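>>> I would like the atomic coordinates for the input below:
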Amino acid sequence: MSQSSLLLSQEDVLARLIHNLNYGDGVVVLSGTEGSGKTTVALSTFEKLDTYNHALITCPKQATLAEIRYKIVTQFFRDPLFDTDEIMTDTLIRLSNGRSQSMLLLLDDADLLSDDILQEILVLSHLQSHGIRLRLMIVVNEQNLQEFKKRLPPKYQSMMLNFVLPSLSYKERCDLYWRLLERTTKKPVVSVELIQSYLSRQSGKPAEVASLLQEVLHNPESLQDQNNWLMMVMLGLFILVLFILIGFWMWSSDGNEVYIPSELPTVVAKVETRLEDQQSPVLIHVEPLKKKHPIEALPSK
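Here you go, the predicted model:
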C-alpha cells in the first residue's frame with residue numbers, strides 16, 4: 001500500500017512521523033498491534049523523505065552482528081569496501097569521507113534483535129559531528145513495547161518518542177475492503193450486508209480486512225456457514241434470557257403467600273381493606289405468631 005492509498009488515521013500518524021524525522025531528534029518508535037499496518041506506514045516515510053538515504057532492516061529472530069552490519073552498510077553505500085568485524089560508527093564515518101549525509105534507518109520488528117546489536121545501532125544516531133545525520137525509526141509490536149524499552153540504556157529510554165498506530169474505524173475498514181476489492185478481477189458472491197456484518201465485528205486491523213476479502217473471493221460458503229452458526233447461538237442466548245426473565249417475573253409476581261422469617265418480630269398483621277370509597281376504614285387484626293405461617297393476601301375488589 002503506497003502513501004497515497006493510506007487511510008485517514010494512518011495518514012495522520014505518517015504526517016506526525018515525517019514532521020519529527022525532519023525537525024526532531026532522538027529515536028522514533030512506531031508501535032501497534034500485530035497486523036495493524038505498522039510496516040506499511042513506516043515504509044511510506046521513504047516516499048516522503050526522498051532526500052534521505054534509506055535502509056530497511058527486517059529483523060530476523062536470530063541474526064549475528066556481522067549480518068546486521070552488512071545489511072545496513074550495503075544499503076547506505078554502493079559497493080562499499082568494509083570489514084563486518086568493524087563497528088558501524090567507524091565504517092560509516094570512513095565511507096562518508098567527510099561528506100554530509102542524511103540517513104534514515106528503519107528497523108522492523110526491532111524487539112527481535114539482541115542487546116549488543118541494538119546498542120551498536122543506537123550509537124549511530126550520534127554522528128552529527130562527523131556530518132552524518134542518521135534518524136532511527138524502530139517498529140515494534142505494542143504488546144512488546146514496554147519490555148523492549150527496559151532493554152535499552154536509560155538515556156535512550158528518555159530519547160524515545162512513541163507513535164501508536166490506532167485501530168481502524170468501521171468506516172475505514174469498509175473503505176479498505178472496497179479498495180482491495182477493486183484490485184481483484186473476481187466478483188464476490190457474498191451479499192454486501194453479510195460483508196458489513198463481518199467488518200463491524202472486527203477489531204480494526206487491516207490484516208483482518210485483507211483476510212476477509214480472501215475468504216469472500218475463495219471460500220464464500222464458509223462465511224455463510226459461520227454467520228448462520230453465529231445467528232443460531234445468538235438466538236439460543238436470546239431464548240435462554242427470555243425464559244429466565246419470564247421465570248423471575250412469575251416468581252416475583254406470586255403474592256398469595258409470603259413467609260415471614262423467624263428472626264422478625266413474632267407478630268403478624270392481617271390487613272383487610274374495603275375499597276368502596278376513598279374514605280373507607282382499614283381494619284387491622286393483630287394476633288400472636290406461634291409458628292411460621294403465610295400471610296393471606298386478600299384479593300382487591
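>>> average model confidence for stretch 93-102?
Averaging pLDDT along stretch 93-102 gives 92.
>>> ignore what I typed, I meant stretch 249-268.
Model confidence over stretch 249-268 averages 54 on the pLDDT scale.
>>> same check on stretch 198-212?
For stretch 198-212, mean pLDDT rounds to 92.
>>> and it, how far from the chain's centre?
With Cα atoms, centre = their mean, to the nearest Å as the basis, the distance from the averaged C-alpha position of stretch 198-212 to the chain average is 11 Å.
>>> which residues of the stretch 151-300 of the chain score low on pLDDT?
Counting by pLDDT under 70, the ranges of the stretch 151-300 of the chain that qualify are 223-238, 253-300.
>>> helices of that one, start to end?
Remark: helices of the stretch 151-300 of the chain, listed N- to C-terminal, are 154-159, 170-182, 192-201, 206-218, 220-252; assignment by DSSP state H, counting those that start in this stretch.
>>> could those helices go into a markdown table alongside distance to Glu147 and mean neighbour count?
All C-beta spots, glycine's among them, are computed from the backbone N, C-alpha and C. Rendered in a markdown table, the data for these read as follows (distance: least, Cβ to Cβ, whole Å; neighbours: other Cβ atoms under 10 Å):
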| stretch | distance to Glu147 | mean neighbour count |
| --- | --- | --- |
| helix 154-159 | 12 | 12 |
| helix 170-182 | 29 | 16 |
| helix 192-201 | 30 | 14 |
| helix 206-218 | 23 | 17 |
| helix 220-252 | 35 | 11 |
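>>> could you dump those helices into a markdown table with distance to Gln75 added?
Conversion of the helices of the stretch 151-300 of the chain to a markdown table gives the following (distance: least, Cβ to Cβ, whole Å):
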| stretch | distance to Gln75 |
| --- | --- |
| helix 154-159 | 23 |
| helix 170-182 | 30 |
| helix 192-201 | 38 |
| helix 206-218 | 26 |
| helix 220-252 | 42 |
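>>> distance check, the residue lying closest to Asp83 once chain neighbours are set aside against Lys171.
Spatial nearest neighbour of Asp83, excluding adjacent residues (Cβ to Cβ, 6 or more residues apart in numbering): Thr91 at 7.8 Å. From Thr91 across to Lys171, the span is 48 Å (Cβ to Cβ, to the nearest Å).
>>> and Asp50, by the same measure?
Distance from Asp50 to Lys171, counting by Cβ to Cβ: 31 Å.
>>> lovely, talk soon.
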